[in-house]
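Q: Next one to model:
(3 chains, ligands or ions: 2)
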Amino acid sequence: MSTLNEWQDYLPDYLDGLKVTLRLTGVSLAGGLPLGLLLALAMTARRRTVRWPAILLVEIGRGAPALVVLYFVYYGLPQLDLTWSSFVCAAIALGFTTAAYTADIFRAGINSIPVGHREACQALGLSHGQELRLVVLPQAIRVVIPPLIGFCILLYQGTSLAFAVSVPELLSRAYSQASITYQFTSTLVLAGLVYAAISLSAVALMRARWPGRTASVTDVEPPGEGLARTTEVTHAP
Amino acid sequence: MTPESKPLLTLDGVCVAYRHQEVVHDVSLDVAAGEVVALIGPSGAGKSSLLRAINFLEPPSKGRILLEGVEVGGSRRTLDALRRDVGMVFQSFNLFPHLTALQNVMLAPEHTLGLPREQARERAMRQLTHVGLAERADAKPGKCSGGQQQRIAIARALAMEPKVMLFDEPTSALDPELGAEVLATMRTLAGEGMTMVVVTHEMHFAEDVADRVVFMADGHVVEENSAGKLMRDPQHPRTQRFLNAVRGR
Amino acid sequence: MGTILSTLADGVAQTIGITLAAFAVAAVLGLPLAVLRRSGHWLVRLPAVVVVEVLRAVPPIVWLFLIYFSLGSTDNLQLTTFQAAVIGLGLIYAAHLSEAYRAGLDAVPAGQWEATRALALPRTQAYVRVILPQALIVVIPPMATFAIALLKDSAIASVIGATDITFQAVQLTQQDLNGLGNFTVAGLLYIALGIPFAVVARGADRVLSRRLVGA
Ligand SMILES: Nc1ncnc2c1ncn2[C@@H]1O[C@H](COP(=O)(O)OP(=O)(O)OP(=O)(O)O)[C@@H](O)[C@H]1O
Ligand SMILES: [Mg+2]
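A: Ligands and ions are numbered 1, 2, ... in the order given. The predicted structure follows:
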């Protein structure tokens, strides 16, 4: 019973933290998704000078731990006179990681389109842009949405890394409650429950909508070329 | 079958159902020791389902299976006993691709029957020799022809020294030429007195090798008779139609 | 760069240690989870499903906190940061690997199961001799990918104070204020450490595709 009372005390603070968590998720997506699409297009471009820098960026974003990227932004960029709040730093780092991961998802979607369709476009005299806009992307979107949602769930969990640079998100609130009350179990369990509640409902929604993809958020696919070409999305995005 | 000889295998009112959809209805059949029964009929008649019910790969939804007069099923123990005594050969061979021919054949003697490894190996070698594949003992199935693979599968089933062998269209995944070598092996087995139930589309095999032919359609046994009579002088119009169709008349 | 590298090198052993130990835990625990999830009986399946889903629904860093500060800080049980990280990451990746194992088991054709049943092979023998050898080769590439993911996730152990690469980089930065250089080197170090796993994955992939063509 007393745990429930404690939780009642914590909850308003946690909900404020949850707002920050969700805002961080949203901002990272808003920045990361468009960049991810651009990187994917660059990765599938014909010209090597376009392709290689994009591949390099994506490999770095996927190969380095998100926490290290976050520290790089938070501790490193001020050396270049780029100083932001910890929230902005976290959004930049997670946005970059989002871009790298989703670039790979987008690229897989683009590559899933039969070569014949692209050849048909060229035979019809469509420009490269028209080909992308009218034929490739509309088809790729359908392939790409389930893994993208899976990634969003992992990104939501990954915002907990921002604790390390003192963004006042959900985990930080739990931790500071714990350091006041020394009730590590009840504070952290409640935080875990809040994370799990949202993750699990999102997974449930996704499965209801795309029942074929039952393997949940981390779909296992054998890796292809590339250093860390993990097609399944990992926990710390 | 003489009246006093007890049947080796008895099917008594066997039904098979998939999710409440019954596809085999009330089939009763006696198979005497040493008898070869061919099961023929159009696609979807329920031949495979019936055959698989005999060793409980698809447990019958109703009815009983008796081996040497003892009812099977219910407990795991009688089921294992049944499967030890009943060999099965599949249309698609189902050999274990990561094991050599010899390892495929000795697996069950060693791990089901618990024979010492050397004894299991000896027995497996004997069966491989029996089907004429001693020299392929160390080859993986992927390196063998389809006909060889099916003969390895036959050796694998024989290595359990079963009382009855079930065959589900053992040649239909094979070119006629390769099928012929499998049929020859089966013919030899029949000659040695093995009790066999064979689902087949090979009418020559049914006519020449089987003692008895059972014709099934729509989940029912329509007609059964000695091979000669049923194949040459079918009584039921359904049987006549089927035989005419497969013989291309 | 040389001095950065020599400082961060102090954390390499810890990073590799956490990764390998947690992976071993995950590889061992993941298999029974996968087998239970394939059981025909829902009473057996349900606990496994719940464990897998709950492990994956909570951020790893929260698990590490729970294990280190709550479970591992009692009078009866005192966990080191290394132990807490290995337990936490090991459990989380057991859930991930169980899905990989499950996919591998599903990849074994139904006919193989039927053959083992027709031969009356005991269930454990069927798993050990027939099903697992075929499933495991399918599972190696995704397992290697998970190993890389685990390597990266191991960085969060620094948050509870494990003295890994990331921890060393943070410490060094607090002294020399060269975050740019330190974390660049740290990032490259993680990428480099992942290469062996990628090589394994690619090798197994090649064997697999050759097998598919050859079969
Ligand atoms: N696993 C299954 N689940 C549901 N229905 C099945 C299953 N297996 C077979 N059936 C159905 O049962 C009926 C009988 O099938 P069965 O395979 O026994 O026929 P068959 O006589 O062996 O035909 P074929 O000559 O094509 O092999 C068919 O209508 C088939 O669609
Ligand atoms: Mg059939």
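
Q: For the closest residue to C:S73 other than its chain neighbours, report the pLDDT, please.
A: Counting by Cβ to Cβ, 6 or more residues apart in numbering or on different chains, C:S73 lies nearest to A:F184, which is 7.1 Å off, once chain neighbours are set aside. In this view, the C-beta of every residue, glycine as well, is placed from N, C-alpha and C. At A:F184, the pLDDT value in this model is 89.

Q: can I assume A:F184 is in contact with C:S70?
A: Yes: look at A:F184 against C:S70 with Cβ atoms under 8 Å: they come within range, at 4.4 Å.

Q: hmm, back to that, can you report how many residues neighbour the residue nearest to C:S73?
A: A:F184: 20 surrounding residues under other Cβ atoms under 10 Å in any protein chain shown.

Q: For A:E6, see how far away it is.
A: Counting by Cβ to Cβ, to the nearest Å, the separation of A:F184 from A:E6 is 12 Å.

Q: For the residue of chain A found nearest chain C, give me its contacts.
A: With Cβ to the nearest Cβ, the shortest gap between chain A and chain C falls at A:Y75, namely 2.9 Å. By Cβ atoms under 8 Å, 6 or more residues apart in numbering or on different chains, the residues touching A:Y75 are C:V170, C:T173, C:L177, C:G179, C:L180, C:N182, C:F183.

Q: Report the buried members of these.
A: C:V170, C:T173, C:G179, C:L180, C:N182, C:F183 (16 or more other Cβ atoms under 10 Å in any protein chain shown).

Q: What residue, apart from its backbone neighbours, is nearest B:D218 spatially?
A: B:A45 (6.5 Å).

Q: Same question for A:L126.
A: Excluding its sequence neighbours, the residue lying closest to A:L126 (Cβ to Cβ, 6+ apart) is A:L134, at 6.9 Å.

Q: part of a strand, is that neighbour?
A: No: read with DSSP: H, G, I helix; E, B strand; the rest coil, A:L134 is helix and lies in no strand.

Q: and after the helix ranked longest in chain A, which helix or strand comes next?
A: The longest helix of chain A (DSSP state H) is helix A:2-43. As assigned by DSSP states H and E, the chain's next helix or strand after helix A:2-43 is helix A:48-63.

Q: For that following helix, give the mean pLDDT please.
A: For helix A:48-63, the mean pLDDT works out to 93.

Q: Can I get that helix in PDB, CA atoms only?
A: C-alpha atoms of helix A:48-63 as PDB (Å, rounded to 0.1, in the frame of the first residue of the first chain):
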ATOM      1  CA  ARG A  48      30.200   8.200 -56.000                       C
ATOM      2  CA  THR A  49      31.000  11.700 -54.500                       C
ATOM      3  CA  VAL A  50      27.400  11.800 -53.200                       C
ATOM      4  CA  ARG A  51      27.200   8.200 -52.200                       C
ATOM      5  CA  TRP A  52      30.300   7.800 -50.100                       C
ATOM      6  CA  PRO A  53      30.000  10.700 -47.700                       C
ATOM      7  CA  ALA A  54      26.400   9.600 -47.000                       C
ATOM      8  CA  ILE A  55      27.500   6.000 -46.300                       C
ATOM      9  CA  LEU A  56      30.300   7.200 -44.100                       C
ATOM     10  CA  LEU A  57      27.900   9.400 -42.000                       C
ATOM     11  CA  VAL A  58      25.400   6.500 -41.700                       C
ATOM     12  CA  GLU A  59      28.100   4.000 -40.700                       C
ATOM     13  CA  ILE A  60      29.300   6.400 -38.000                       C
ATOM     14  CA  GLY A  61      25.800   7.100 -36.700                       C
ATOM     15  CA  ARG A  62      25.100   3.400 -36.500                       C
ATOM     16  CA  GLY A  63      28.500   2.200 -35.400                       C
END
